[in-house]
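In: Provided below for reference: sequence and predicted model.
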Amino acid sequence: MGLADNPRMEDYSLRYTPAAFRQWSPWMVFLSCLVGISAMAGYALDAAFVDAFGFANALAGFAVAAAVTLPLTLVIAFAIARKHVDIDLLTRGSGFGYLGSTLTSLVYATYTLIFLAYEGAIMAQAVTALTHLEIQLSYVVVSAVMIPLTLYGMSFSAKFQAWTWPVWIALIGLALGTAATAPGAGHAMVHPATVSPAGGAGLTVLAVFTIAAAQLSLATQVGEQGDYLRLMPDPTAGNRGRWRLAVIMGGPGFALFAVGIFFASTLLVGYAATKVGAEQVGVPVELFTVVYERLTGNHTVALVLAGLLVLLSQIKINIMNTYSGSLSWSNFFSRLLHRHPGRAVWVFLQVGLALVLMEIDIFSHIVEVLAWYSSVGVAWIAVMVSDQVINKRLLGLAPAELVFHRAHLYHVNPVGFGSMIAAGAVSMIAYYGVFGATAAALSPFIALAVALVLPPVVALATKGRWYVARVSDLPEDATELPCSVCEGDYDVADMATCPFHGGTICSLCCSTEGRCHDACKPSAWRPPKGAVPLGLPRTRSPEAETLEVA
């Protein structure tokens, strides 16, 4: 049996997730989503922001970013949880088209890769502190560890995350309690000894929005949350309240947790800054060693506790980063190469690329990397939200049903794809100073504004004709249908009719079929002249198999 045929490894990657597989409770899915709060990246980044801009500016910047990203991610999280697809399939049906969403798969893969490398570097620092290995060798060790931990997807991840939360909470609780009871803890938190002269200058609008702009990259985090939220069980009368709470806190709730992490990290950094310099405070294993040393009075014991906390935290978050990265690379290459060797294969690629980034020292350049990435990431998420809320619900310019099958989509839909390219381009021009220094600092907000406004404008201009290329005539009473290629039985939501194979075909086999040359939709690139928009009823007559022409 090949890797792609192993359901324990695949987790229904690249396709609709059926109810029979979604057997985890809302609570278990939430715990898997929650791993973002364990990431040591928050402590390192918060230290960098506070040192550069001061506590007040950093707090205000985080609050602005949370206020912006929370409603965006709320829309995406509920759409994923209700439709039971990952963010790539949701993107396909949110105005990007089948090949248009390939670009966003690359954007998402890059996000998971950046944080896998950054979090991996923090993990490697702990390995080096505990074992005295050269840091370059520690990078190799932590990369190798992530491969077996991620191969079995949610089957392993759900259990590991649930079992390790009590240990993590105990360790982080000890650290926070120790820092909070230190003399002058509140003053040290608000006025850390390591703050730069510029950071001590007081609250400024430009500083606040500079920090918020960098933090907008976290809107993309909803994709990683979505890789677990797609596994939510269907809401019922008995679990509806818990279901909604799990989606809210497991998805957009990350923005609220980020603010909580900010207070925790600045408390720890404030205390540590009274003992060591800014460089040591910015390295989590050294930060927590200083804190635990006040508790234990012994450097060696403190180092062991700090190392255990950092290693556990980084394993938890990097399971998510590696898993989500393998899904996004699978989506990306399945469309380019018409091959799907299995999600597990792309685990190796994700880890290998992360190792390269670690070796070239991404840890020292993460703030600059995120500032650049924010414009692209927030443009993608904002375009999706605009399409989901304005085009689908308010204006009715897009089909209410989610259309994600290759067999049903045009290759590129200008509504989403064009809007994202335009928003990203304008933002990048601003980022490189063409519109002045202020616009450069606020370039992600420019991307956000353009990405929210353009989709309905383009949808109105194109009259919604680029969303659906064709629809399939499927039996009304069917719950599962056989795939004429792989011979598996899949939920009807995952199926389409295929004239090339003379039967029904699952969405994954449809994606990897390279011989048909889109025989089911001769007009794959653009609607024929006079074409009218198609909706997506569950069944249609054979005459409706091809695009309706007025």
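Out: The structure has been received and is ready for your questions. None of the values given here were measured: they were computed from a predicted structure.
In: where does the protein have low pLDDT?
Out: The chain contains residues with pLDDT under 70 at 1-11, 13, 152-155, 196-201, 340, 342, 530-550.
In: need the single longest helix in it, by residues.
Out: helix 299-337 (DSSP state H).
In: just checking, what packs against that one?
Out: helix 87-91, helix 100-131, helix 135-150, helix 153-180, helix 221-229, helix 284-296, helix 343-359, helix 507-512 (3 or more C-beta pairs under 8 Å, 6 or more residues apart in numbering; DSSP states H and E). For every residue, glycine as well, the C-beta is placed using N, CA and C.
In: which of those sits closest to Leu409?
Out: helix 100-131 (8.8 Å; C-beta to C-beta).
In: relative to helix 135-150, how tilted is the closest one?
Out: 120 degrees (axes from the mean of the first three to the mean of the last three C-alpha atoms, to 10 degrees).
In: rebuild the helices and strands packed on helix 299-337 as a markdown table, extending it with mean neighbour count and distance to Arg240.
Out: Output for the helices and strands packed on helix 299-337, formatted as a markdown table (neighbours: other C-beta atoms under 10 Å; distance: least, C-beta to C-beta, whole Å):
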| stretch | mean neighbour count | distance to Arg240 |
| --- | --- | --- |
| helix 87-91 | 28 | 22 |
| helix 100-131 | 25 | 30 |
| helix 135-150 | 18 | 32 |
| helix 153-180 | 17 | 22 |
| helix 221-229 | 28 | 16 |
| helix 284-296 | 23 | 39 |
| helix 343-359 | 21 | 31 |
| helix 507-512 | 23 | 28 |
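In: out of those helices, flag the one nearest Asp46.
Out: helix 284-296 (10.5 Å).
In: buried stuff in the longest helix of the chain?
Out: 302-335 (16 or more other C-beta atoms under 10 Å).
In: and it with helix 100-131, angle?
Out: 160 degrees.
In: give me the distance from helix 299-337 to the chain's centre.
Out: 13 Å (C-alpha atoms, centre = their mean, to the nearest Å).
In: any figure for the gap between the closest residue to Arg339 other than its chain neighbours and Ile87?
Out: Nearest residue to Arg339 in three dimensions, chain neighbours excluded: Thr512, at 6.0 Å (C-beta to C-beta, 6 or more residues apart in numbering). Look at Thr512 and Ile87: by C-beta to C-beta, to the nearest Å, they are 20 Å apart.
In: do Gln161 as well
Out: 20 Å.
In: likewise for Ile360?
Out: Noted for Ile360: a distance of 28 Å to Ile87, by C-beta to C-beta.
In: what does the domain assignment say about the protein?
Out: 3-15+22-462, 480-545 (automatic domain parsing).
In: which ones are touching the closest residue to Ile172 other than its chain neighbours?
Out: Spatially, and ignoring its direct neighbours in sequence, Ile172 is nearest to Leu309 (6.7 Å; C-beta to C-beta, 6+ apart). By C-beta atoms under 8 Å, 6 or more residues apart in numbering, the contact set of Leu309 is 168, 171-172, 175, 288.
In: in the stretch 351-500 of the chain, which spans are helices?
Out: Taking DSSP state H, counting those that start in this stretch, the helices of the stretch 351-500 of the chain run over residues 366-386, 419-431, 437-441, 443-462.
In: counting neighbours, what do you get for Pro183?
Out: 8 (other C-beta atoms under 10 Å).
In: in which helix or strand would I find it?
Out: In this assignment (DSSP states H and E), Pro183 forms part of neither any helix nor any strand.
In: what distance do you get for it to Thr504?
Out: From Pro183 to Thr504 the distance is 71 Å (C-beta to C-beta).
In: cool, Gly202 as well?
Out: 65 Å.
In: so between those two, which is more surrounded?
Out: Using other C-beta under 10 Å as the criterion, Gly202 and Thr504 rank with Thr504 on top: 24 against 9.
In: phi, psi for the more buried one please.
Out: Recorded main-chain torsions at Thr504 are phi -90, psi 150, according to degrees, to the nearest 10.
In: was I right to think it contacts Val485?
Out: No. In this structure Thr504 lies outside contact range of Val485 using C-beta atoms under 8 Å: 9.6 Å.
In: can you list the buried residues in stretch 258-271?
Out: Those would be 258, 261-262, 264-271, for stretch 258-271 by 16+ other C-beta under 10 Å.
In: which residues does it contact?
Out: The set of residues external to stretch 258-271 that reach it, using C-beta under 8 Å, 6+ apart, is 37, 42-43, 46-47, 50, 55, 58-59, 62-63, 65-66, 172, 175-176, 178-180, 182, 185, 187-192, 194, 215, 218, 281, 287-288, 290-291, 294.
In: got a list of what the residue minimising distance to the centre of the chain touches?
Out: By C-alpha atoms, centre = their mean, the chain has its centre lying nearest to Gly223, at 2.8 Å. Residues in contact with Gly223, defined by C-beta under 8 Å, 6+ apart, are 86-87, 108, 111-112, 324, 328.
In: distance check, it against Ile172.
Out: From Gly223 across to Ile172, the span is 25 Å (C-beta to C-beta).
In: among the helices and strands packed on helix 299-337, which comes closest to Ser386?
Out: helix 87-91 (12.7 Å).
In: same for the closest one, what does it pack against?
Out: Checked by 3+ C-beta pairs under 8 Å, 6+ apart, helix 87-91 has helix 55-83, helix 100-131, helix 221-229, helix 299-337, helix 366-386 packed alongside it.
In: centre of the chain to the first one, how far?
Out: Centroid displacement of helix 55-83 relative to its chain, using C-alpha atoms, centre = their mean, is 13 Å.
In: likewise the third one?
Out: A distance of 5 Å separates the centroid of the chain from that of helix 221-229, by C-alpha atoms, centre = their mean.
In: helix 221-229 and whichever helix or strand comes after it, what's the angle between them?
Out: For helix 221-229, the succeeding helix or strand toward the C-terminus, using DSSP H and E, is helix 240-250. Angle, helix 240-250 to helix 221-229, by the same axes, to 10 degrees: 140 degrees.
In: what about helix 240-250, distance to the chain center?
Out: The answer for helix 240-250 is 18 Å, by C-alpha atoms, centre = their mean.
In: which parts of that helix are buried?
Out: For helix 240-250, by 16+ other C-beta under 10 Å, it's 243, 246-250.
In: looking at those residues, which is nearest Ser364?
Out: Gly250 (32.0 Å).
In: how close does that closest one sit to Gly36?
Out: 10 Å.
In: spit out the residues that contact those two alike.
Out: Shared contacts of Gly250 and Gly36, defined by C-beta under 8 Å, 6+ apart, comprise Gln225.
In: not counting its neighbours along the chain, what's nearest Glu134?
Out: Nearest non-adjacent residue to Glu134 (C-beta to C-beta, 6+ apart): Thr128, at 7.3 Å.
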